[in-house]
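Asker: The sequence and its predicted three-dimensional model are supplied below.
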Amino acid sequence: MAPRGWSDSTDDKSSYWALPLSGYRRHPTAYDPRSVLGIAIQGRVRAVAYRSIFMSSPPYMLSVKNLPNVLEAIRTAGVPDRFTHGFLKQLGFASSTDRAVISVMRALRFLDDSSVPTDRYKRYRDTSLSRVVMAEALRDAYSDLFTINESANTMSSPELKGAFKRISGKGDSTAEKMASTFGTLAKLADWSSSGAVAAAALPKVDPDNDVEDERAAGGLRGPTAPEAAVESANYTPVLRHDIHIHLPPGQDVKTYDAIFRSLRDHFG
């Protein structure tokens, strides 16, 4: 027998709450959702879920003192199989505050989700390209910031702090650390027009396409002119639409419910 307030069966629909968006799985709650406490928990969890799903959280470090030195070290050291805390210690950075650099490097797509160095990591090690690659990586990792201001790299610290508060929904302390991390990285990038041209010329390799990876690395030959003509004739473009939602400030769950109910009604 389940404790009072719990359901004996996971089939009991009263033991579930659902996000007002189709496609999301239902999750059991510890309390009867019809109770005052259950309703309060649902409202709080929904608000947190909306914020975590639809409001991005830019990467940051508690201390950026060693950040430039870490990035300098990876240009001179060999490429590890995986970039772990152990490898970071081997580079000479044993402080616990330096560990967050791994999360930052994942956001910059220097490392994949398993901390394996990517092609961008390897290109960054080339001193002739490193500053250009950094600019490219920052525009990817901080795309929301560059949507607000295309010249985000020129923003002052207070301006960056305010922007990160709006983007992430975090408080002053966290937003300040986000601004400090971005500002430190931005100083290591080439934002000149020539740098932008060089970045545009860098190969764009789809990490999920092994054939394209091998072609970019010179392992496979490209199509001949007749092959290219056939591929072009048979090619069907694929379009993708991304929708960015900027939630209004406030803690009223009803406002969020109305927004996402409207999205569900219009987009299914």
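Answerer: Sure thing, it's come through.
Asker: neighbours around E159, how many?
Answerer: 14 (other C-beta atoms under 10 Å). In this view, the C-beta of every residue, glycine as well, is placed from N, C-alpha and C.
Asker: just the helices in the stretch 51-200 of the chain please.
Answerer: Using DSSP state H, counting those that start in this stretch, the helices found in the stretch 51-200 of the chain span residues 67-76, 85-90, 101-107, 119-124, 130-141, 143-148, 157-168, 172-186, 193-201.
Asker: residues touching the nearest residue to R82 once chain neighbours are set aside, list them.
Answerer: Sequence neighbours aside, S115 is the residue nearest to R82 in space, at 4.8 Å (criterion: C-beta to C-beta, 6 or more residues apart in numbering). Taking C-beta atoms under 8 Å, 6 or more residues apart in numbering as the definition of contact, the neighbours of S115 are 82-84, 102, 106.
Asker: Please convert the buried members of the residues you listed into ChimeraX selection syntax.
Answerer: Listed next is the ChimeraX selection for buried residues among the contacts of S115, using 16 or more other C-beta atoms under 10 Å:
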select :83,102,106
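Asker: now, which of the contacts of S115 sits nearest K65?
Answerer: Proximity of the contacts of S115 to K65 was ranked by C-beta to C-beta; the top entry is I102 with 16.4 Å.
Asker: just checking, the closest one touches L111?
Answerer: Yes: I102 lies in contact with L111 (C-beta atoms under 8 Å); the separation is 6.9 Å.
Asker: May I ask which helix or strand of this protein has the lowest mean pLDDT?
Answerer: Within the chain, judged by mean pLDDT, DSSP states H and E, the helix or strand with the poorest mean is strand 16-17; its value is a mean of 37.
Asker: Run a quick neighbour tally on D119.
Answerer: A count of neighbours around D119, defined by other C-beta under 10 Å, yields 18.
Asker: Oh, that last question was meant for M155, not what I typed.
Answerer: Residues near M155, counting by other C-beta under 10 Å, number 19.
Asker: hang on, the earlier thing: common neighbours of I102 and L111, please.
Answerer: Common neighbours of I102 and L111, counting by C-beta under 8 Å, 6+ apart, are F83.
Asker: where in the stretch 151-268 of the chain is pLDDT low?
Answerer: Applying pLDDT under 70 to the stretch 151-268 of the chain flags the ranges 193-242, 244, 246-253, 256, 267-268.
Asker: let's see it at 90
Answerer: Applying pLDDT under 90 to the stretch 151-268 of the chain flags the ranges 168-169, 192-268.
Asker: out of the helices of the stretch 51-200 of the chain, nearest to H266?
Answerer: Each of the helices of the stretch 51-200 of the chain has some distance to H266 by C-beta to C-beta; the shortest is helix 143-148, at 22.4 Å.
Asker: Buried ones in the closest one, by neighbour count?
Answerer: Neighbour counts using 16+ other C-beta under 10 Å place 144-145, 148 of helix 143-148 among the buried residues.
Asker: What of stretch 69-85?
Answerer: Residues of stretch 69-85 classed as buried under the neighbour-count rule (16+ other C-beta under 10 Å) are 70-71, 74, 80, 83.
Asker: and if you look at stretch 60-69?
Answerer: 60-61, 64, 66-67.
Asker: neighbours of V104, just the number please.
Answerer: Close neighbours of V104, defined as other C-beta under 10 Å, add up to 23.
Asker: scratch that, A186
Answerer: Neighbours of A186 under the rule other C-beta under 10 Å: 18.
Asker: which residues does the residue lying closest to it once chain neighbours are set aside contact?
Answerer: Of all residues not flanking A186 in the chain, N153 sits nearest, at 4.4 Å (C-beta to C-beta, 6+ apart). Under the criterion of C-beta under 8 Å, 6+ apart, the contact partners of N153 comprise 135, 138, 186, 189, 191.
Asker: Skip the chain neighbours and tell me the closest residue to the first one.
Answerer: In this case it means A135. Nearest to A135 is A189, by C-beta to C-beta, 6+ apart, at 3.9 Å.
Asker: Would you check that that neighbour makes contact with M134?
Answerer: Yes: using C-beta under 8 Å, A189 makes contact with M134 at a distance of 4.0 Å.
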